[in-house]
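>>> no sequence on this one, just coordinates:
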Ligand SMILES: C[S@@+](CC[C@H](N)C(=O)[O-])C[C@H]1O[C@@H](n2cnc3c(N)ncnc32)[C@H](O)[C@@H]1O
């Protein structure tokens, strides 16, 4: 999608604000996903991926809150925000003092949004386009992998889990942010923190979700 189309979409369907539990970071947020998705398909004239990038998912909100409260976790480290969506978790890592932050997503619109959010917050990040999950994790140089709200579907979880386990086996710290999605791995995760995250009922069907930060062990 052209940049002018993305700009029009966010102007029509998002509002500037901050994720509910991260007032330090400014983002553009949609309260609903269906209208922006329908508009995106109308503009593109074909089916497009859901605009996951138009909303800070509770998993990344929890990760971001945790990193802002515990900057030592990422300070002076190289961080990969895998499936970054709007980039919130990676932006929090940058703000917390990470040496380098790589934002990765297969959706070019997500990287556009994440880059726009980074600019809005005066934060420097690098963008990584494409699917990293088909190859060995880039560890080193990546020292911390952030996986915010990536266990929402069986197929996605089936690809993300072995990849993040491989990253951990190669020495990376893997932090997962998850609000109780159905396909979160059942073992090998230790709870570090959890946060009550107010969410738009139109997207999550509830008014708040308890989102956990877990470390892969
Ligand atoms: C539910 S969203 C979560 C976004 C963000 N982490 C957050 O919590 O706000 C899932 C994201 O994973 C991305 N994604 C799906 N498959 C991917 C893959 N193979 N590699 C990288 N990103 C992927 C989607 O494009 C989407 O942005």
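Received, thanks. What you see is a predicted model, and the numbers here were worked out from it, not measured in a lab. Numbering: from 1, shown residues only.

>>> Around the ligand, pick out the residues from the protein.
Contact residues (Cβ under 6 Å from any ligand atom) of the chain with the ligand: 52-53, 56-57, 59-60, 83-86, 88, 104-107, 110, 131, 133, 148-150, 152, 156. Just so you know, the C-beta spots here come from the backbone N, C-alpha and C atoms, and that holds for glycine as well.

>>> Narrow those to just the buried residues.
52-53, 56-57, 59-60, 83-86, 88, 104-105, 107, 110, 133, 148-150, 152 (16 or more other Cβ atoms under 10 Å).

>>> Next, the buried residues of the helix or strand that contains residue 67.
Residue 67 belongs to helix 58-69 when assigned by DSSP states H and E. Across helix 58-69, burial judged by 16+ other Cβ under 10 Å covers 58, 59, 60, 61, 62, 63, 64, 65, 66, 67, 68.

>>> and if you look at stretch 24-41?
For stretch 24-41, by 16+ other Cβ under 10 Å, it's 25-31, 33, 35-37, 39-40.

>>> Could you do stretch 180-188 as well?
181, 183, 184, 185.

>>> now, among the residues you listed, which is nearest to residue 116?
residue 181 (26.4 Å; Cβ to Cβ).

>>> Narrow the buried residues of stretch 180-188 to those in helices?
Using DSSP state H, no member of the buried residues of stretch 180-188 sits in helices.

>>> Quick check: the two most widely separated of these?
Among the buried residues of stretch 180-188, 181 and 185 lie farthest apart (Cβ to Cβ), at 10.5 Å.

>>> In this structure residue 102 contacts residue 82, no?
No. Counting by Cβ atoms under 8 Å, residue 102 stays clear of residue 82, with 9.0 Å between them.

>>> how about the residue nearest in space to the middle of the chain, what does it touch?
The chain has residue 84 as the residue nearest its centroid, 3.5 Å off, counting by Cα atoms, centre = their mean. By Cβ atoms under 8 Å, 6 or more residues apart in numbering, the residues touching residue 84 are 60, 90, 103, 104, 105, 110, 111, 114, 148.

>>> Swap in 7 Å and give it another go.
Contacts for residue 84 (Cβ atoms under 7 Å, 6 or more residues apart in numbering) come out as 90, 103, 104, 105, 110, 114.
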